[in-house]
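> What follows is a predicted structure for the sequence shown.
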Amino acid sequence: MLDIKFIRAHTEIVKNAVLSKKVKVDIDKLIKLDDDRLELLRKIEELRTQQNSVSDKITSASDTERASQIESMKQVKETLRTQEDQYNTILTSWKELMLKVPNVPDMSVPDGNSDEDNVPIKHWGEAKKFNFTPQSHIDLMLKHNMVDFERGTKVHGFRGYFLKNKGALLTFAIWNYAKDFYLKNGFPEFMITPTIVHKENFFGTGHLPNEAEDLFETQDGQNLIGTAEVATMGYFRDEVLEEAEFPRKILAFSPCFRREAGSHGKDVKGLIRVHEFYKFEQVILCEASHAKSVELHDWIQGNVESFIESLGIPYRTVINCSGDLGLGQVKKYDTELWVPGEEKYREISSASYFHDFQTRRFNIRYKDSEGKMRFAHSLNCTAIPTPRILVSLIENFQQEDGSIKIPDALVPYCGFDRIG
RNA sequence: GGAGGAGUGGCAGAGUGGUCGAUUGCACCUGUCUUGAAAACAGGAGACCGGGGAACCGGUCCGUGAGUUCGAAUCUCACCUCCUCCGCCA
């Protein structure tokens, strides 16, 4: 959510954001609505002032005065009721529009329509070429009895999977390694979050109102989270944080659920795109400073890059174009790992900052050194998702004989150094 | 799932129709006193919205939303959350 005062003061900037993010929302209509809202608000407050002052006098008035005052206040009450109804009608539309207004992309964000326009800014490792024909993670994992897609589909449905044996053990090893790696590298807080949460949390993060199609819903009206970010941010809703404790650095773990509506034809095989998975997420809350947000954005991105480097998987980092940014995101980096079977880089992580877009919706504030209440800034970045990481890990570490070498960093966590 | 109780400021806790944005205590800030601190005493201090350069003025907020009333923290209804007891269950 943006501040309506900011929208009014910088209308052109916001309109440009709407255009560059390819969002559908009428800013002129919003401002017109806000004019109407303010005009009515002033009228209503004037009437209330009148009502309050007469109310004060009524107690000490004589009986005849009182009768006439009560009579005149009945009129005021009727007018007030009509105007309040109008106000509420306006406010409802106003809120709907406000929730759709996107945050403004940073100057450094390239313009573009989709992920195809994202701009690579870093490459690490060599996109591996094998002197044999590499197999896909699907073939390799099936060969070593690490996964069962047929039973997954039988039991769960489309995109279902069972991780089995060394596939399951490898996953636990990654979780434990990731937990140790991130906690050692500067995350004082660690949480396992709820996965069933109220809708308001999705409005808070900016996933709603526009991404409802991608959410699973319970019969009680809550939704399943698609990322721990949602629950972790919700944790702080309506709270006033201590500036002295900034930046809050939280490592959060949760199962994640995504309907993948709108991507039915994409990645229909394998572990790239599944309905349920697990993810460690980096979540940051800090003071309301652009410079601080930028600094921490680079820090969380650096963390995920270091983590991938420690596994020895080639990757590149892209800066996401405007059209590939979420509603609330100011800027985003994606980290993409080399997938030899497809001969391309595939997304594994996403690092974004939001300024106060989310915290304004969640009402997460702190008192600054001058005693002024401010909305905090928020950021988040994938730490590691499973099982998607297995795709590039297994394909990159496959050997000519079809066995899979375990990256050194993971060996102590696996208890084996090779599969097959 | 059934029965009962409760939600008030950072915390505790008064307040059952107007003088209540709200007594009081703790915590907090400032001052007096003190070499310093503590204690004592005096004073200050909520959030949000609108107007204004500002001092300030007006409005809203007692779980949420509706209602009754000239007027609601206080009365009515619905919902949410928490607690206690019973039942069921990993």
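Here it is on my side, so go on.
> all contacts plus neighbour counts: C-alpha atoms, from now on.
Will do.
> Dihedrals phi and psi, whichever residue of the stretch 301-420 of chain A sits closest to RNA strand B?
Relative to RNA strand B, the nearest point of the stretch 301-420 of chain A is A:Met373 (4.8 Å; C-alpha to the nearest atom of the strand). Per-residue torsions, A:Met373: phi -70, psi 130 (degrees, to the nearest 10).
> repeat for A:Arg365
Torsion angles, degrees, to the nearest 10, at A:Arg365: phi -130, psi 170.
> In contact with the residue of the stretch 301-420 of chain A closest to RNA strand B, which residues?
A:Met373 makes contact with A:Arg365, A:Tyr366, A:Lys367 under the criterion C-alpha atoms under 8 Å, 6 or more residues apart in numbering.
> ok, now with 6 Å
A:Tyr366, A:Lys367 (C-alpha atoms under 6 Å, 6 or more residues apart in numbering).
> ok, it to A:Leu241 distance?
With distances taken as C-alpha to C-alpha, to the nearest Å, A:Met373 is found 10 Å from A:Leu241.
> Please apply the same query to A:Leu183.
For A:Leu183, the distance to A:Leu241 - C-alpha to C-alpha - is 22 Å.
> swap in A:Asp401?
56 Å.
> Compare neighbour counts for the two and give me the winner.
Taking other C-alpha atoms under 10 Å, A:Asp401 and A:Leu241 do not tie; A:Leu241 has more neighbours (21 against 8).
> per-residue pLDDT, A:Ser62?
Here the pLDDT value assigned to A:Ser62 is 69.
> what element comes up after the strand or helix carrying A:Leu251 heading to the C-terminus?
Using DSSP states H and E, A:Leu251 falls within strand A:248-257. Past strand A:248-257, further along toward the C-terminus, the next helix or strand under DSSP H and E is strand A:276-286.
> Any buried residues in that next one, and which?
A:Glu276, A:Phe277, A:Tyr278, A:Lys279, A:Phe280, A:Glu281, A:Gln282, A:Val283, A:Ile284, A:Leu285, A:Cys286 (16 or more other C-alpha atoms under 10 Å).
> Counting by contacts, list what the helix ranked longest in chain A packs against.
The helix that spans the most residues within chain A, counting by DSSP state H, is helix A:63-100. Helix A:63-100 sits against no helix or strand, with contacts defined as 3 or more C-alpha pairs under 6 Å, 6 or more residues apart in numbering; DSSP states H and E.
> neighbouring contacts of whatever helix or strand comes next after that helix?
From helix A:63-100 onward toward the C-terminus, using DSSP H and E, the following helix or strand is strand A:119-124. Strand A:119-124 is contacted from outside by A:Pro314, A:Tyr315, A:Arg316, A:Thr317, A:Val318, A:Ile319, using C-alpha under 6 Å, 6+ apart.
> what number of residues lie near the last one?
Pointing back at A:Ile319 there. Neighbours around A:Ile319, by other C-alpha under 10 Å: 23.
> Kindly report the same for A:Asn145.
A:Asn145 has 15 nearby residues by other C-alpha under 10 Å.
> So what would you say the end-to-end distance of stretch A:254-274 is?
15 Å.
> What residues sit buried inside that stretch?
For stretch A:254-274, using 16+ other C-alpha under 10 Å, the buried residues are A:Ser254, A:Pro255, A:Cys256, A:Phe257, A:Arg258, A:Arg259, A:Glu260, A:Gly270, A:Leu271, A:Ile272, A:Arg273, A:Val274.
> repeat for stretch A:212-220
A:Asp214, A:Leu215, A:Phe216, A:Glu217.
> so is A:Arg237 in a helix, a strand, or just coil?
coil (DSSP: H, G, I helix; E, B strand; the rest coil).
> just checking, it touches A:Phe362?
Yes. Between A:Arg237 and A:Phe362 there is a contact at 4.9 Å, judged by C-alpha atoms under 6 Å.
> between these two, who's got more neighbours?
It is A:Phe362, of A:Arg237 and A:Phe362, that has more neighbours when counted by other C-alpha under 10 Å, with 24 against 19.
> distance between whatever helix or strand A:Glu39 lives in and the chain's centre?
Assessed by DSSP H and E, A:Glu39 sits inside helix A:27-58. Distance of helix A:27-58 from its chain centroid, counting by C-alpha atoms, centre = their mean, to the nearest Å, is 36 Å.
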